[in-house]
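Colleague: No letters, just coordinates:
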């Protein structure tokens, strides 16, 4: 296993694996190296809203997928790429309109495997109801690209009434979670390291745009912020929301839906389920007066059948995420610093 | 040098480097493996037009960049990625509205180099006048990804009056070329293999959206088809247009602007300048009555200063591209079959 120990230095002159983990190292790389001069300052969102002619609001999101193994219980890199991009659009309150697909293929990749992954992309796009409208294919030499990398970009349109933003969380909001956590990351790790959990744990990879459409229809502008806790897990997603909105989030540890096999795998591997990646659930900050209607709307479909409240939002200390444990104490929920699960999306 | 010899078999069970060349092998991989079931049948375009709410027409294009070396005379992988995507939008008659940027970084990449490339992306985007609105960063292990790969996706809006499509070429059209050919491919090859042409040859990488805007303003719907002859060179671009439009294209070899250093490099290396990649010129099929106005509009700016007519379009034999040589004979201009210049974009 590739878990780096001791923890990598945060200041570094070279790119580390941990820079891709969705945690603190990554936030630092983005903040110091990549976004200055490139993107206008503002909250880090899963997708960008672009004013478009005719008064419409286009929403764009792009996402690279480098997961190993390429096939895993519950999905593969193709379906994951479609779901991941559709979900990033949805986290901004957008319905998907079109997808772009860019492959980097390694010389020697079996054509049969490429065809299987492409069929999976197509099936996932059909299930979502979004066309793949353009693509690109590059081939690199043997030893590069690890089989294939997929970059999907989605164009979406804001749902009527949607005003979600990572920066719109407010004191008093309730924190809702749509389903169980930890399945994707542990499924990948198990398949990758041959740990034998495969029979019990499958990735939760699924599209969430219908869930979000139900939530916005029920809660309108009361749905303040949405995030899918992928790389870095629920802990990173909550920390990002807390930082972007300048709020304090407290979650209840006993309320967290951690499936028993995930809990067992995390126990065995020394992982915190809060840091494990998900690809089929979302966390929402919702105005208290809209919470009941939004929760009911979430539960009205299969992706949100297990939806529940997991916490509340306060004003202070701004940017801080804490968890209340079973015995009533509280602990700080930090972002992952370096690398916990390599190449999970 | 990585030139494959003998030519790879066209039928294969594994991905070959030649599948990424922009030639026949690539067309076959796309046609047989990637596009069936994924994209609706239709002419292969550089970008997709997507109907958008409010009556607008969104244009999307995505492009992966894996060029080695990452820095070369005339540009780097960052500026190339911006120009390439802006140009793909322009080839569909669109003005750029927003860009998405996705990195796959290799562990160990110097942060300084990442910062330099990102600054180059930013500078190129500012020069084009298009914002980078979203991005994604993944990190893969040492030995994968060859430093870094960049995937850029562009959102554009159709220019007023633009009706360009690879399928709109018509018998009687004139074939216009905006500038010299062969610079990018020979610059990359020289830098990559240390051949010593670097002092004389720099990539032509540049954005072409302003050139296209002038052409559409001058020629309107008389501008039938546009293509930038990147991978596979002018030969592949013309063959793609001939196939998509069901037309015959005849070009005049003496009319082709091949800079002397490019001609010398091609002579030395046994390359056909028609197969060498370009990143800063375009070829257009234009109605004869609009040709003079369009040519004048092309020449009114620096990207089109060397614009000229290089050929004509006939009805038969449909799909065939020929070149009339200096001595008056004609030869067939084929698409590249396998790989001529590895990793040029």
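Modeller: That came through fine. Keep in mind that this is a model prediction, so the values were computed, not measured. Numbering: from 1, shown residues only, chains lettered A, B, ... in the order given.

Colleague: CA atoms for contacts and neighbours, from now on please.
Modeller: OK.

Colleague: Sketch out the low-pLDDT regions of the stretch 151-300 of chain A for me.
Modeller: A:198 (pLDDT under 70).

Colleague: Quick one: name the residues of it near chain B.
Modeller: Taking C-alpha under 8 Å from any C-alpha of the partner chain as the contact definition, the stretch 151-300 of chain A meets chain B at A:151, A:153, A:157.

Colleague: 10 Å instead, please
Modeller: A:151-157 (C-alpha under 10 Å from any C-alpha of the partner chain).

Colleague: Export those residues to TSV and append columns for neighbour count.
Modeller: Listed next are these as TSV, based on neighbours: other C-alpha atoms under 10 Å in any protein chain shown:
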residue	neighbour count
A:151	32
A:152	28
A:153	39
A:154	30
A:155	28
A:156	28
A:157	23
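
Colleague: of the residues you listed, closest to residue B:276?
Modeller: Nearest to residue B:276 among those: residue A:151, at 26.6 Å, using C-alpha to C-alpha.

Colleague: Skipping adjacent residues, who's closest to the closest one in space?
Modeller: residue A:64 (4.1 Å; C-alpha to C-alpha, 6 or more residues apart in numbering or on different chains).

Colleague: hang on, the one you found packs against residue A:152?
Modeller: Yes: counting by C-alpha atoms under 10 Å, residue A:152 is a contact partner of residue A:64 at 6.5 Å.

Colleague: anything in contact with each of these two?
Modeller: Common neighbours of residue A:64 and residue A:152 are listed as A:81, A:84-85, A:101-103, B:102, B:151 (criterion: C-alpha atoms under 10 Å, 6 or more residues apart in numbering or on different chains).

Colleague: Please, where are all the strands along chain A?
Modeller: Applying DSSP state E to chain A gives strands spanning A:48-51, A:57-65, A:71-72, A:75-76, A:94-106, A:132-140, A:148-158, A:174-177, A:223-227, A:248-252, A:283-286, A:308-314, A:321-324, A:330-332.

Colleague: Counting by contacts, list what the last one packs against.
Modeller: The criterion is 3 or more C-alpha pairs under 10 Å, 6 or more residues apart in numbering or on different chains; DSSP states H and E, and the helices and strands that strand A:330-332 contacts are strand A:248-252, strand A:321-324.

Colleague: Can you give me the buried ones in the first one?
Modeller: Okay, so that is strand A:248-252. Of the residues in strand A:248-252, A:248-252 count as buried by neighbour count, 16 or more other C-alpha atoms under 10 Å in any protein chain shown.

Colleague: What is it packed up against?
Modeller: Short answer (3+ C-alpha pairs under 10 Å, 6+ apart): strand A:248-252 packs on strand A:174-177, helix A:233-245, strand A:308-314, strand A:321-324, strand A:330-332.

Colleague: which neighbours does it have in its sheet, and in what orientation?
Modeller: Strand pairing for strand A:248-252, using DSSP bridges, gives strand A:308-314 (antiparallel), strand A:321-324 (parallel).

Colleague: Provide a list of residues in contact with residue A:171.
Modeller: Applying C-alpha under 10 Å, 6+ apart, the residues contacting residue A:171 are A:245-249, A:285, A:287-288, A:312-316, A:318.

Colleague: I meant residue A:123, not that one.
Modeller: A:78-79, A:82, A:117, A:129, B:37-38.

Colleague: what does residue A:33 give?
Modeller: With C-alpha under 10 Å, 6+ apart, residue A:33 has these contacts: A:27, B:111-112, B:114-116, B:118-119.

Colleague: Just the pLDDT for the nearest residue to residue A:243 once chain neighbours are set aside.
Modeller: Nearest residue to residue A:243, sequence neighbours excluded (C-alpha to C-alpha, 6+ apart): residue A:319, at 4.4 Å. We have a pLDDT of 95 for residue A:319.

Colleague: what's the spacing between the residue nearest to residue A:211 when sequence neighbours are not counted and residue A:45?
Modeller: Among residues not flanking residue A:211 along the chain, residue A:298 sits closest, at 6.0 Å (C-alpha to C-alpha, 6+ apart). Taking C-alpha to C-alpha, to the nearest Å as the measure, residue A:298 falls 22 Å from residue A:45.

Colleague: In terms of neighbours, single out the busier of these two.
Modeller: Per other C-alpha atoms under 10 Å in any protein chain shown, whichever of residue A:298 and residue A:45 has more neighbours is residue A:298, with 28 against 24.

Colleague: give the contact list for that one.
Modeller: By C-alpha under 10 Å, 6+ apart, the contact set of residue A:298 is A:176-179, A:210-216, A:218, A:292, A:304-308.

Colleague: neighbours around the nearest residue to residue A:19 once chain neighbours are set aside, how many?
Modeller: If the residues on either side of it in the chain are set aside, residue A:19 comes closest to residue A:26, at 4.3 Å by C-alpha to C-alpha, 6+ apart. Neighbour count for residue A:26, taken as other C-alpha under 10 Å: 26.

Colleague: doesn't residue A:12 make contact with residue A:26?
Modeller: No: with contact defined as C-alpha under 10 Å, residue A:26 does not reach residue A:12; the gap is 12.0 Å.

Colleague: rewinding a little: can you redo the strands paired with strand A:248-252 as TSV with mean neighbour count?
Modeller: As requested, the strands paired with strand A:248-252 are arranged in TSV below (neighbours: other C-alpha under 10 Å):
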stretch	mean neighbour count
strand A:308-314	21
strand A:321-324	21
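
Colleague: closest one to residue B:135 among those strands?
Modeller: Of all the strands paired with strand A:248-252, strand A:321-324 comes closest under C-alpha to C-alpha, at 25.7 Å.
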